[in-house]
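Undergrad: quick one, what's the 3D model for this:
(chains A and B)
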Amino acid sequence: MKDDYDVIVVGSGAAGGMTAFILAVHGVKVLMLEAGRDYDPVTETPMFQLPSDAPLRGISTPDKPFGFFDATVDGGWTVPGEPYTTSDDADDEFMWWRARMLGGRTNHWGRISLRMGPYDYKPYSRDGLGFDWPMTYEDMAPWYDKTEALIGVFGSNDGLENTPNSSPGVLQPPPAPRVHELMAQKVCQDELNIPTIASHLAILTEKQDYEKWPKELFPGNPLAQKVLRQSMMERAACFWATPCGRGCSIKANFQSTTVLLPPALATGNLTIRTDAMVREVTTDATGKATGVHYIDKRTRKDEHVSAKLVVLAASACETARIMLNSKSTLFPEGIGNGSGKVGKYLMDTVGTWVSGRIPALENMPPHNQDGASGMHLYMPWWGYQQQEKGQLDFARGYHIEFGGGRGMPSAWTFAGLGGQSGGAYGQRFKEEARRHYGTGIGFGGRGEMIPNEDCYCEIDPSGAVDEYGIPTLKFHWKWSEHETNQCRHMQHTFRDIIEGMGGEVHTEIHDDGAKAIAKPGEIIHEVGGAIMGDNPDRSVVNQYCQSHEVPNLFVTDGACFVSNADKNPTLSIMAIAWRASDYIVEQMNQGAFT
Amino acid sequence: MSGPQKKPTGAPRLARRRVLQLIAAAATAPVFWSAPGIATMGIKRGPAGTATDPDLINPNIPWELQLTDAERLLLEVLCDIIIPADEKSPAASAIGAHDFIDEWVSAPYDTMAGDLDRIRNGLAWLEAESARRFDGEFAQLEPAQQTAICDDICHPPAAKPEHAEAAWFFDRVRMLTAMAFYTTREGMNDVGYVGNVPLDRWNPPPAAALKHVGLK
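TA: This is a model prediction of the structure:
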């Protein structure tokens, strides 16, 4: 096959999809390599199926860890044939989620789209911990606006500290909250001083303005306007039914496969090769990237493709793995790893849960509470001033996600009712089910973890390889007290909210945060491993995701993250990838990378 | 989904599943597509049909069912005692709760490890107890006699020591019956779930719902 590509993009998810889209609409010839299979949400998404349509009522299994109907293909925290290990002295086992499918994890993600704020880009300057990003929030704000307008995000502008507003007209209107959300909001705001505002989810609540946005997002670019207009026309607004985690056949929510790849393909400038498991980036004698080696999973053959520029967007740990495996005389420790920082400063989100039951919700008049699948309200972090004054024993914040109400019953909804009802069966069991339905509630904390020297991945020194012969990763992990103390605070806060709602807590409340903290990787917000910075001795890429040592190598996924704010990373990944892609186009137009 | 397969063949379950995976993997068509789009390329796409990439639109159960006819019949009776028909919804057997339990106990995952033996032994205990106390088969007993036995085993924390194991069996059957029943349209209607329908617009909660919890 003739290699006439300008750019190879490794990965097709949030970062790869955005990078390929932006490059393609600017006339750049792109080859996208995806390790998983081809996937089409329009034909493959089970939309209105009930759990009873699935094996085992759709419960989570090791083969389908988020349930049978979850969109994830060949993925989860374990992938057949693709092992990894964690060091014996780690605080806990690292759990590495992957999705081997076109569009990656964007097909099933929670669609929570929160901007990082001014503090989040300069955390070191604020409290002396971790690192500052090389750019500011103000530098990034235009790309957040553009990304939100492109993918479609609903939410509200509340003007809260470090919780940035979007520019006027960018956000779609948020849906009205459900009853249990209003109850929680009342308790949080009236009694606990916790702001409770519209969540920001990448779901269309109304049809996108396909006349306005293509022109505003891509002025003077008829090709971009044409393909984006068509793509926006083909997306429907949410019809307030079916779980987003299954994907969306009407394209109301954001998936790379429905929002970024179709218009990118329509330019004629993108070629996608699936089942292509990238092993390493190749270089020439001058240290320039020349292309990549990948294993064609169907033939098991090692293939090589060339391009002027290589973008890694394979997900944070996979990107670090590819870089570390790309060894050569010039780069004995892996490509672009002169700093020794590749694989270092891995971060996940601090997570914990508390659940309970709200008796006041019993016998609620039946009404439809499906809504936008996810939560309509959330609680952004409220303790910035307390932390500034040193009143808390953890340095960074968390936001609260919560769920409850009269959603579609799952297999587990009434599984514990026998015990809760003191052994009911027969007619009494049915009555207990009616009474209990819709009364459960659960709160989840999503907190910022501070990067540390003990959290990293490396190529497994044992020499282990995966089924494609590619050396595998070994993870190392230690939490600091900032994370475990924060986790304790979450536990107590969630208890207070549930009790404030007149409810009973059903899970154990932990005073030792280390006992309640989710495993590293479990929240699936892993970032870092090729962090940004201005100083080539202490970072891997610059603020445009460009390798300090290999100018035609870019890392546009979460690997480049310098901190991991409590804000779920996907929106920022896309904004950063767009900004980096604009930079690539500018550089190309100036004659670089030839 | 396809109907439940009848009767065990004696094939080791895990091995069979692995075989199915391998067959399906071998049948995977190559996928390579390019601009201007997949539709024009005429290349077969779609799921591999493996356990980690099942057909979500037309699911099937790739493992052999293990319970005997007699066991399934007895389960059917017990499921209906746990969730009987009333004016709001049918009995558990009408939505196939006993089929689901067979599917569950036959599945190859850790979640249900031990359940096949537990259900089997529990069903055997139920028949033995029926013979001991009432000199009959459980399915043929008077409702009051069935209830007398179930009352002894319906709540594990309250069960006498000699009923401890039977109580855990009953609890498991109740859990599985509830899982089966309330995940069907009939069970969802029973508790008042009215969603999973497309709407033109999203409305705030009705006034009666807000009033119910003291919100205006």
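Undergrad: rest of the way, CA atoms for contacts and neighbours
TA: Noted.
Undergrad: how about the contacts made by the residue nearest to residue A:526 when sequence neighbours are not counted?
TA: Distances taken as CA to CA, 6 or more residues apart in numbering or on different chains place residue A:348 nearest to residue A:526, at 4.3 Å, with adjacent residues excluded. Counting by CA atoms under 8 Å, 6 or more residues apart in numbering or on different chains, residue A:348 makes contact with A:449, A:520-521, A:523-527, A:564.
Undergrad: burial count for residue 152?
TA: Using chain A. 26 (other CA atoms under 10 Å in any protein chain shown).
Undergrad: try chain B instead
TA: 16.
Undergrad: and if you look at residue A:399?
TA: By other CA under 10 Å, 19 other residues sit near residue A:399.
Undergrad: contacts for the host helix or strand of it?
TA: For residue A:399, the host element (DSSP states H and E) is strand A:398-404. The contact list for strand A:398-404 (CA under 8 Å, 6+ apart) reads A:180, A:374-375, A:378-381, A:438-448, A:486, A:566-567.
Undergrad: show me the contacts for residue 102.
TA: Picked chain A for this. Applying CA under 8 Å, 6+ apart, we find residue A:102 in contact with A:12-13, A:34, A:36-39, A:257, A:274.
Undergrad: try again with chain B
TA: Going by CA under 8 Å, 6+ apart, residue B:102 touches B:65-67, B:72.
Undergrad: and residue B:176, what is it in contact with?
TA: Shown in contact with residue B:176 (CA under 8 Å, 6+ apart): A:415, B:97, B:100-101.
Undergrad: at 10 Å instead, please
TA: Listed by CA atoms under 10 Å, 6 or more residues apart in numbering or on different chains, the contact partners of residue B:176 are A:56, A:411-412, A:414-415, B:79, B:97-98, B:100-101, B:104-105, B:170.
Undergrad: separation between the closest residue to residue B:194 other than its chain neighbours and residue A:475?
TA: Leaving aside its chain neighbours, residue B:194 sits nearest to residue A:368 (5.4 Å; criterion: CA to CA, 6+ apart). Distance of residue A:368 to residue A:475, computed by CA to CA, to the nearest Å: 45 Å.
Undergrad: sorry, back to before: ok, the residue nearest to residue B:194 touching residue A:177?
TA: No: between residue A:368 and residue A:177 there is no contact under CA atoms under 10 Å: 11.9 Å.
Undergrad: those two: which has the busier surroundings?
TA: Taking neighbours as other CA under 10 Å, residue A:368 and residue A:177 compare with residue A:368 leading, 25 against 22.
Undergrad: what secondary structure does that one sit in?
TA: Per DSSP: H, G, I helix; E, B strand; the rest coil, the local secondary structure of residue A:368 is coil.
Undergrad: let me see the contact set for it.
TA: Residues counted as contacts of residue A:368 (CA under 10 Å, 6+ apart) are A:178, A:240-241, A:405-408, B:192-197, B:199, B:202-206.
Undergrad: how about it, phi and psi?
TA: phi -70, psi 120 (degrees, to the nearest 10).
Undergrad: can you list the weak-confidence ranges in chain B?
TA: Counting by pLDDT under 70, the ranges of chain B that qualify are B:1-46.
Undergrad: mind listing the helices for it?
TA: Assigned by DSSP state H, chain B shows helices spanning B:13-26, B:69-82, B:97-105, B:115-134, B:143-153, B:164-182, B:185-191, B:207-212.
Undergrad: just name the most buried of the ones you listed.
TA: helix B:164-182 (a mean of 25; mean count of other CA atoms under 10 Å in any protein chain shown).
Undergrad: residue B:142 contacts residue B:135, correct?
TA: No: taking contacts as CA under 10 Å, residue B:142 lies outside contact range of residue B:135: 11.6 Å.
Undergrad: out of the contacts of residue A:348, who's nearest residue A:506?
TA: Comparing the contacts of residue A:348 against residue A:506 with CA to CA places residue A:523 closest, at 21.6 Å.
Undergrad: show me what contacts the closest one?
TA: By CA under 10 Å, 6+ apart, the contact list for residue A:523 reads A:95-97, A:348-352, A:446, A:568.
Undergrad: nearest to residue A:224 among those residues?
TA: Closest to residue A:224, out of all of the contacts of residue A:523 and judged by CA to CA, is residue A:568, at 28.2 Å.
Undergrad: grab the nearest non-local neighbour of the residue nearest the centre of chain B.
TA: Chain B has residue B:100 as the residue nearest its centroid, 3.2 Å off, counting by CA atoms, centre = their mean. Nearest non-adjacent residue to residue B:100, counting by CA to CA, 6+ apart: residue B:180, 6.3 Å away.
Undergrad: off-centre distance for the helix or strand residue A:228 falls within?
TA: Using DSSP H and E, residue A:228 sits within helix A:222-233. Averaging C-alpha positions (CA atoms, centre = their mean, to the nearest Å) puts helix A:222-233 26 Å from its chain's average.
Undergrad: all good on my end, thank you.
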